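> got a sequence here, can you build the structure:
(one chain, ligands or ions: 1)
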Amino acid sequence: MELTRCLLIFPFLLVAAFAQCPASNQLKSESGEKVCARMFEHSSYYYDQSCTGKYLDAMNGDDFPFIPLGWNNRISSLVVSNRCELLVWSISPKRGSKRRFTGVVYHLKEVQKGLFGNWNDSISSYYCTCK
Ligand SMILES: *[C@@H]1O[C@H](CO)[C@@H](O)[C@H](O)[C@H]1NC(C)=O
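Purely as a prediction, here's the structure:
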């Protein structure tokens, strides 16, 4: 019994400790619905530590000129589902710099915003759609 419990719990801990960004074909909500994009609080120089912290799910058609409370300028990595795209703006409501994302973005810091900026902790509005 004890051994079984260890075997069941231990792999879960490993997954949690070495989280990686989910693949673009793996995004599902807790209720099993397809997620358009998942936006994460943290990223890291180490790829296996990106896509960590709290996350915010955008469903197909979600249009938020004002990102939900607590998330303004907080997002550091994100994953967009296959056949979906995420449009983001740096200033609410849908002003400032604009950018379209697809696929897995481990480091928003490496995505240039304007001449000198980057997209780390810069998303303030978003619109997500899937085909
Ligand atoms: C993103 O910005 C936040 C706030 O400035 C900072 O704490 C964090 O380290 C940055 N992330 C990266 C990957 O540089």
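
> and residue 26, that's in a strand?
No - using DSSP: H, G, I helix; E, B strand; the rest coil, the assignment for residue 26 is coil, not a strand.

> contacting residues for the residue lying closest to residue 57 once chain neighbours are set aside?
What sits nearest to residue 57 in space, not counting adjacent residues and going by Cβ to Cβ, 6 or more residues apart in numbering, is residue 35, at 4.9 Å. For glycine as for every other residue, the C-beta is placed from the backbone atoms N, C-alpha and C. Contacts for residue 35 (Cβ atoms under 8 Å, 6 or more residues apart in numbering) come out as 27-29, 57-59, 81.

> as JSON lines, the residues you listed with pLDDT, neighbour count and distance to the ligand would be great.
Shown next, in JSON lines, are the contacts of residue 35 (pLDDT from 0 to 100; neighbours: other Cβ atoms under 10 Å; distance: Cβ to the nearest ligand atom, whole Å):
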{"residue": "27", "pLDDT": "95", "neighbour count": "20", "distance to the ligand": "21"}
{"residue": "28", "pLDDT": "93", "neighbour count": "14", "distance to the ligand": "26"}
{"residue": "29", "pLDDT": "90", "neighbour count": "11", "distance to the ligand": "26"}
{"residue": "57", "pLDDT": "97", "neighbour count": "16", "distance to the ligand": "20"}
{"residue": "58", "pLDDT": "98", "neighbour count": "26", "distance to the ligand": "20"}
{"residue": "59", "pLDDT": "97", "neighbour count": "14", "distance to the ligand": "25"}
{"residue": "81", "pLDDT": "98", "neighbour count": "25", "distance to the ligand": "23"}
